[in-house]
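Colleague: I'll drop the sequence and a predicted model, then ask my questions.
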Amino acid sequence: MSHPLIPKIMEAAAPVAESLGLDVADAAFHTHQSPPVLRIDIRHGHRDITLDDCETMSRALEAALDESNVIPDSYVLEVSSPGIARILSTDREFISFKGFPVSIITHEPFRGELSLTGQLIKRDDDAVHLNCKGRSIAIPRHIINRVQFADPT
């Protein structure tokens, strides 16, 4: 369960990221630490996130959060990339990762398998389409648990 401030944090972070040509991929507020840690994951639609991207977003977001007073107490802000082990969920992510290797985990067997890996072709209303060893297959969305970027190494 996410922290109750996350929607307000996302509301403040999204326009900051957009103004920098970035997107907010995820946010988590870890209040069990002292001081609490706010972690913001950012991404760019066409290239990898750089250290400069993280630093620029951190400075801009820190100012926006201070101005809005969304988080009244002290906290540590961490801005980073979501990394390559990310789970794909939005239409934009499926478009961005088209042609990349992905792994699909299902909750019931598809062609005798619970896990399939291939190049992402597309996602539509009914299925996620993969190129598996030169053959196009369509895995029904209703049996899919998760789709994630598969490290090609």
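Modeller: Perfect, thanks for sending it.
Colleague: make it CA atoms for all contacts and neighbour counts henceforth
Modeller: OK.
Colleague: isn't Tyr87 up against Gln148?
Modeller: Rather than Tyr, residue 87 is Ile. Yes. Using C-alpha atoms under 8 Å, Ile87 makes contact with Gln148 at a distance of 4.1 Å.
Colleague: which residue is nearest the centroid of this protein?
Modeller: Ala25 (4.1 Å; C-alpha atoms, centre = their mean).
Colleague: my read is that residue is in a strand, agree?
Modeller: Yes. Assessed by DSSP: H, G, I helix; E, B strand; the rest coil, Ala25 belongs to a strand.
Colleague: all helices for the protein, in order.
Modeller: 6-19, 51-68, 91-96 (DSSP state H).
Colleague: strands of this structure, residue ranges please.
Modeller: 23-30, 37-43, 76-80, 87-88, 101-110, 113-123, 127-132, 135-140, 144-149 (DSSP state E).
Colleague: hang on, the earlier thing: and of the helices of the chain, who's closest to Ile144?
Modeller: helix 91-96 (14.3 Å; C-alpha to C-alpha).
Colleague: chain center to the closest one: distance?
Modeller: Between the centre of helix 91-96 and the centre of its chain there are 10 Å (C-alpha atoms, centre = their mean, to the nearest Å).
Colleague: averaged pLDDT, it. What do you get?
Modeller: Averaged over helix 91-96, pLDDT sits at 82.
Colleague: please renumber so the chain begins at 25
Modeller: With 25 as the first residue, the last one maps to helix 115-120.
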